[in-house]
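S.K.: Sequence first, then the predicted structure:
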Amino acid sequence: MSLVDPPVAALALVIGVDIGNSTTEACIADVGDGEVGRLASSLTRTTGVKGTPDNTTGAVTAVRRALEATGRPAGDLATVLLNEATPVISGLAMETITETIITESTMIGHNPDTPGGDGLGVGMTVSLDDLTTVEEEVPVVVVVGAGADFDDVAHALNTAGERGVDVVAAVLHGDDAVLVVNRLTRRIPVVDEVSAVDRVPLGMLAAVEVAAPGRTIRTLSDSYGLASTFDLDAEQTRQVSPVARALSGNRSAVVVRTPAGDVTDRRIPVGTLTLSGAGRSLDVGVDEGADAIMEAIGRVAPLDDVHGEAGTHVGGMLAKVRDTMTDVTGQPASEIRIRDVLAVDTLVPAVVRGGLAGEVSRENAVALAAMVRTSRSRMQAVADALSDELGCETIIGGVEGEVAVRGALTTPGTSVPIAIIDMGGGSTDAALLDRDGTVSAVHVAGAGELVTKLIDSELGLEDRDAAESVKRHPLAKVESFFHIRHEDGTVQFFSDPLPPHVFAKVVTVTPEGLAAVPVRGPLEEVRRVRREAKRRVFVVNALRALAQVAPQGSLRLLGSVVLLGGSALDFEIPGMVADALAPYGVVCGIGNVHGTEGPRNAVAAGLVDAHAGMVAGPAPEKLQRRAAAS
Amino acid sequence: MTAASDLAASGSAAPVDSVRTLALNEVGPAERGTRPEEVVIALSPAFGDPFTKTIVDVPHAEVIRQLLAGIEERGGVARVIKVYKTADLAAIAHHGAKLSGSGIAVGVLSRGTTVLHQRDLARLSNLELFPQAPLLDAEVFRMIGSNAAQYAQGQSPKPVPTRNDQMARPRWQAKAALLHLKEFECIDHSREAVEVEPVITKVD
Amino acid sequence: MTAVAPRAEGTGASLTTSKRTEVLEDRPVNLDGFVEEWPEKGLVAMESDFDPQPSVRVEDGRIVELDGRTRDQFDFMDTFIADHAIDVDTCEAAMATESVEIARMIVDPRTSRADVVAVGRGLTPAKILDVVKLMNVVEIMMGIQKTRSRRTPANQAHSTSAKDNPIQVAADAAEGAVRGFAELETTLGVVRYAPLVAIGLQVGGQVGRGGVLTQCALEEATELDLGMRGITAYAETISIYGTESVFVDGDDTPWSKAFLASAYASRGIKMRFTSGTGSEVQMGNAEGRSMLYLEIRCILMAKGAGVQGLQNGSISCIGVPGAVPGGIRAVAAENLVASWMDLECASGNDQSFSHSAMRRTSRLLPQMLPGTDFVCSGYSAVPNKDNMFAGSNLDTDDYDDWNVIQRDMQVDGGLRHVREDVILQVRNKAARAMQALFAELDLPPITDEEIEAATYANSSDDYPDRDVLADLEGARSVMERGITGIDLVRFLERAGFGDVAENYLQVLRQRVSGDLLQTAAVLTGDFTPLAAINDANDYAGPGTGYRLTGERWEELKKLRHVTSAENPEEEVV
């Protein structure tokens, strides 16, 4: 050992802070002589809209947390590195674009859980009270109002039958069909739970059909079946064919023949989108559906701006996105451009207008996600506030996409060209680092929030929290108090009985335990909806975004694709995206920043690395940075 | 219309214009059932005899009739047992659940308090509990029967909407205590549970 | 709903009912339930032939006979009371004193509180019952006035939310505190929300008035955990019962409850037990004793366990004594006995009691007029529909009535009229403090819209819905991260609510000093503990004891609308 230690380059405590849309991450390290000794990282909720002074609070929290984890005093901190974050505002809207209308109470097409009897009965509608005065031998369909007792109803029908009245079917208000049929001397089809039974027209010819359990009706759901039942000519048959279509797949139905009865499928005008780009402007009706909208967007690519018709939901949503950005940046609304829109077709359960039993039909709807981004960042204000608060210098450096790519490149097994995808709540971000060191980045509209919304509406949950839980966690079916069957078919046993509120339910398997999903359908249906929603948003957007950064727009020319951010931690999204990219020969996987951090901390760690490179002089692979115009 | 308002609206039209009486004819000792879809209705010592109606005057005949109707409408089958050794609702229902072919039982006290139980549950747990007897009418008993049958068939019915009324305490708490004490009087520690056949007679 | 529908026999005129009867039938009081007594089963307030006769026998410094039962016949209540609650040295002498003599000592202002308490130490449950049975309701009130532990009466509030909204709880706690409640209590609909709601109660309380004490009623383990972390300041809902069979039904014994009490005491946390007439008969296990006899057993059990106080006055079983003859007299008597046994008494009036406003008020007077340590052990500081304790005898709609009754009678019921601007200011500040604290804790953000709503709200309907799932996740993380009161103080300080942090810290410091373990301890606005030891009740007849005079009386003269004497065209502000 020499008496004097060789001079050591002074170590400086440096912290990289990445302010994202929803989370703020920090990575703290000792930096000196090009060496980086990472000490700790931290994560907190982003305060305010990304890229605005409100971020300071969250950034300070993240710094404090990281410092606490290292046990070093704030005074030791030499430099805070901030990413150049720009505000991104996203919005969501959903419009139902079709509607089923029943006029003159022509039909009852709902599916009560337990209709009674089976077969087809055709006769004149008559109220229970008038049954005593009906002529003998006339076939009648008895309409029973609210409050009637099943014993009394059965007794009245039997008495009428004994008198010679030909009771061929019944329609009930209460949930009594099986009870009534079980007490009849002659078995007839009975449809129950018809909430607006008082609106069934009386004295009209009607047909009631009930299929055996597990079957669906055959006659009333078929145009010629209706024609035979009601003795219709060709023109009349053409008119009633929508009724037949509307009833197909039901286990029970009632059709009443009235002079102007009809079932129509109507398209609801919900306004137009005005898309501008490529030097021209194009109008597309929202009710034309997602494919038409996306095709129109393709025709004006690259999109410059989008406007919605005033007074419509979509117009309102777009205006709100613009207003929020104005509030955040102070930029005039006229300068804010909506640069991307994602439209997705969906089906939403809607109550049929004119229905007598609260019938629900699955109507077409379009969900739209829009995104606006601005170059006007106010990070300098955040940096100044941070310097004041922490008493050290704060440097803004690195555009998000670039730094993130650099962080992602520390994932073992990756190489240039490398692309990243970060799917957040409101937008999906992609960036590419090319062989020549060029970085290009895009942000496209639509991400986690849209998926939650699709799940919520398609399952008819009307419960955002439940939809969120379905999105995030795998499903299982509780088969007994002691075992569940996971969605992959594996069975898990418990030694203590499960809580009663999940008994026999479809549940999500969450870290806090099982949570019941408020649906009556089978697990497979929930799973299909969940995966389909993710596919239509995450997979579609991953491909869309990558295509925009890929060399010559060709996915085949991408080398490695690394998934970053919270969505990379999802239990199935990485697999779905990887599957979608596999045909292009792309290696796709979950980021593992520095081989230890997983998909988190890419930007924060990237900032520290870049800083260390600068401190140490020219980096081995000197990067030419260019912020790509998205 | 919400389920709760639905109840309120139709509750007034509850069928009580003609009176029905209930006789519980003893069939034999209560034994374990074998039918996998079976629901057991387990009644407390004073149910039907000496008491004939709940705390809010719903006739016991109607309670049984509606529970059975709810089960029948859903395609289920039911057996009725009467328990004499305890007046504790959880114990009565749990006893019923252990005898039930499906493991599902409805326990009912004379004053109307009702619980849906399952044999694998701890005694003090339950599937659905209806603790406020003054709020249970014929419609609610029908829905309880319907849910019991669905649980027995391995389905997951929507729980019967529970109602709550803060002012039930001043009106009913003492009467409930009184009825509870009377029910206790009818406990016969030496008498095993029996299966009964409910005979409901309409009296005009 | 069934319970509020008019009685069938009350509808429609017939030949057998007069129009006046119809009017009377429609009076709200006839929606209340009343039942006949059944003393054999314990459905009787306090006068029953089936209660035991007083007796005591001491052998070798040990009580071997208690109220007609010898030690081999003791149930565990008898054993606990004989071994821990009754003073063996004085009991034979005390028991030899005529009951009527003891009753007169209680009422006679010339007999000091200390003497009355001293004789009480040697009495058995049956003897205590024998004494209070001799007293009418006015004499009982006289007794409460004298035996109350703390000189200065106070009041306690419920602050809950039908949506378990922590911001609502904070805002209503702040308003409650500024209106004068010394203690605030909350509970939950969804239990998992507890940490956030308990934090809301604590923070809101300290915004309204520094030194307010808070608690969160939950199952015992979680309640203790929140107390030990310093998120709550005291505990109250540790229930005890008057018969062994009811205790056993709840898997408990007097010793297990005493052990729980010691767990609180070990951390310097204030706590009291809860009991009340009617609970045993309600569960069908009264063992043939009157409601008051069984409640006296509870009071002695609490005393024997060494807790500083008791919440009693029937509490959640009020419908039972309320329905039998003399029941409300018995409820007043149980408050008297708790005070006489030298315990802090939080005296009920905390559950929905009657459809009749007149009856609600009369039920309140035996506690409000003489003053108790807490007149209500839960005045609903939220509208009753938000009250997760199933409604109280009084709620926010009654604030002005309460203030007027205080002024009419010149009694201090612990509340005061507060100007609107002050109320809005504390509500707003409580919500903002919560917003800042939630941000510091990484909990789901509280929006400015929510703060605006909290400032002006009446009930939970007036607040935007929160993301319940995210809140529950946040609540879980608060527990998992091991967040304590000190963390909350630090975050409040950091977020710029230094004064609130300071108030909270002062409350936490009481843990170390142990001052809140003194009987009937509360904190004044300047954090002076006020308890039986330094604010002892010195009532000794007219002109003595706590008198509503001076500055406090001037404060209570203020109402929402008082015409100015100086300028009758204006109101006093």
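M.R.: Alright, I've got the coordinates.
S.K.: The helix or strand residue B:105 falls within and chain A, any residue contact?
M.R.: Assigned by DSSP states H and E, residue B:105 falls within strand B:104-108. No - residues of strand B:104-108 are not located near chain A by C-beta under 8 Å from any C-beta of the partner chain, the shortest gap being 10.0 Å. C-beta here means a position set from N, CA and C on the backbone, and glycine is covered the same way.
S.K.: Pull out the buried residues from that strand.
M.R.: B:104, B:105, B:106, B:107, B:108 (16 or more other C-beta atoms under 10 Å in any protein chain shown).
S.K.: OK, contacts around the third one?
M.R.: When you say that, I think you mean residue B:106. B:39-42, B:67, B:93, B:96, B:114-117, B:144-145, B:148 (C-beta atoms under 8 Å, 6 or more residues apart in numbering or on different chains).
S.K.: give me the beta-bridge partners of it?
M.R.: residue B:41, residue B:116 (DSSP bridges).
S.K.: pLDDT wise, what is residue B:15 at?
M.R.: With respect to pLDDT, residue B:15 scores 45.
S.K.: same check, this time on residue A:359
M.R.: 83.
S.K.: List the residues that contact it.
M.R.: A:102, A:108, A:109, A:110, A:351, A:352.
S.K.: For these, name the two members farthest from one another.
M.R.: Spatial extent of these (C-beta to C-beta) is set by the pair A:108 and A:351 at 13.6 Å.
S.K.: still on that earlier bit, show the average pLDDT along the strand holding residue B:105.
M.R.: On average, strand B:104-108 scores 98.
S.K.: how far is it from where the chain is centred?
M.R.: Put simply, strand B:104-108 sits 6 Å off its chain's centre (C-alpha atoms, centre = their mean, to the nearest Å).
S.K.: one step back: of all the buried residues of strand B:104-108, which comes closest to chain A?
M.R.: Here the nearest of the buried residues of strand B:104-108 to chain A, counting by C-beta to the nearest C-beta, is residue B:104; it sits at 10.0 Å.
S.K.: ok, longest helix in chain B?
M.R.: Looking across chain B with DSSP state H, the single longest helix is helix B:168-185.
S.K.: and that helix, what does it pack onto?
M.R.: helix C:279-282 (3 or more C-beta pairs under 8 Å, 6 or more residues apart in numbering or on different chains; DSSP states H and E).
S.K.: what separates the helix it packs on from the chain centre, distance-wise?
M.R.: With C-alpha atoms, centre = their mean as the basis, the mean position of helix C:279-282 lies at 19 Å from the chain mean.
S.K.: who in chain C is up against chain B?
M.R.: Neighbours of chain B within chain C, by C-beta under 8 Å from any C-beta: C:1-4, C:31-35, C:38, C:41, C:43, C:278, C:281-284, C:316-320, C:322-324, C:351-355, C:384-385, C:387, C:390-391.
S.K.: Please enumerate the strands of the stretch 401-550 of chain C.
M.R.: For the stretch 401-550 of chain C, the strands defined by DSSP state E, counting those that start in this stretch cover C:522-523, C:529-530.
S.K.: I should have written chain C there, sorry.
M.R.: C:56-59, C:62-66, C:69-70, C:156-158, C:183-186, C:213-216, C:234-239, C:270-274, C:309-311, C:344-346, C:377-380, C:522-523, C:529-530 (DSSP state E).
S.K.: Spatially nearest residue to residue C:515, not counting backbone neighbours?
M.R.: residue C:529 (4.0 Å; C-beta to C-beta, 6 or more residues apart in numbering or on different chains).
S.K.: check contacts around that neighbour.
M.R.: The neighbours of residue C:529, taking C-beta under 8 Å, 6+ apart as the test, are C:510, C:513, C:515, C:516, C:518, C:521, C:522, C:523.
S.K.: Assign the residue of the stretch 201-350 of chain A found nearest chain C to helix, strand or coil.
M.R.: Here the stretch 201-350 of chain A gets closest to chain C at one residue, residue A:327, 12.3 Å apart by C-beta to the nearest C-beta. Look at residue A:327: counting by DSSP: H, G, I helix; E, B strand; the rest coil, its state is helix.
S.K.: Could you count how many residues lie near it?
M.R.: 13 (other C-beta atoms under 10 Å in any protein chain shown).
S.K.: Could you do residue C:567 as well?
M.R.: Residue C:567, neighbours per other C-beta under 10 Å, totals 9.
S.K.: And it, how far from residue C:407?
M.R.: Using C-beta to C-beta, to the nearest Å, residue C:567 is found at 21 Å from residue C:407.
S.K.: want to throw the strands of the stretch 401-550 of chain C into TSV with distance to residue C:159?
M.R.: Conversion of the strands of the stretch 401-550 of chain C to TSV gives the following (distance: least, C-beta to C-beta, whole Å):
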stretch	distance to residue C:159
strand C:522-523	17
strand C:529-530	21
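S.K.: Tell me which of these is the most buried.
M.R.: strand C:522-523 (a mean of 25; mean count of other C-beta atoms under 10 Å in any protein chain shown).
S.K.: Residue A:127: neighbouring residues, count only.
M.R.: Neighbours around residue A:127, by other C-beta under 10 Å: 16.
S.K.: picking that back up, residue A:478 is nearest to which of the strands of the stretch 401-550 of chain C?
M.R.: Of all the strands of the stretch 401-550 of chain C, strand C:522-523 comes closest under C-beta to C-beta, at 48.8 Å.
S.K.: just for chain B, where's the confidence low?
M.R.: B:1-18 (pLDDT under 70).
S.K.: Nearest to chain C: which residue in it?
M.R.: Using C-beta to the nearest C-beta, the closest approach of chain B to chain C is made by residue B:173 at 2.6 Å.
S.K.: Can you tell me the closest non-neighbouring residue to the residue nearest to the spatial centre of chain C?
M.R.: For chain C, the residue nearest the mean C-alpha position is residue C:377 (1.7 Å; C-alpha atoms, centre = their mean). Counting by C-beta to C-beta, 6+ apart, residue C:377 lies nearest to residue C:346, which is 3.5 Å off, once chain neighbours are set aside.
S.K.: For the helix or strand bottoming out on mean pLDDT in chain A, output the C-alpha coordinates as CSV.
M.R.: Using mean pLDDT, DSSP states H and E, strand A:262-267 stands out as the lowest-scoring helix or strand of chain A, at a mean of 77. Only the C-alpha atoms of strand A:262-267 are listed here, as CSV (Å, rounded to 0.1, in the frame of the first residue of the first chain):
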residue,chain,number,x,y,z
ASP,A,262,-93.7,-2.9,-36.0
VAL,A,263,-90.2,-3.3,-34.8
THR,A,264,-87.6,-1.1,-36.2
ASP,A,265,-83.9,-0.8,-36.1
ARG,A,266,-83.0,2.9,-36.3
ARG,A,267,-79.7,4.5,-36.7
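S.K.: Next SSE downstream of that strand?
M.R.: Per DSSP H and E, the first helix or strand lying C-terminal to strand A:262-267 is strand A:272-277.
S.K.: what comes up buried for that next one?
M.R.: Buried-residue list, strand A:272-277, by 16+ other C-beta under 10 Å: A:272, A:273, A:275, A:276, A:277.
S.K.: among the residues of chain C next to chain B, which ones are buried?
M.R.: The neighbour-count criterion (16+ other C-beta under 10 Å) marks C:1-3, C:31-33, C:35, C:38, C:41, C:43, C:278, C:281-284, C:316-320, C:322-324, C:351-355, C:384, C:387, C:390-391 among the residues of chain C next to chain B as buried.
S.K.: Among those residues, which ones are in helices?
M.R.: Those of those mapping onto helices are C:281, C:282, per DSSP H.
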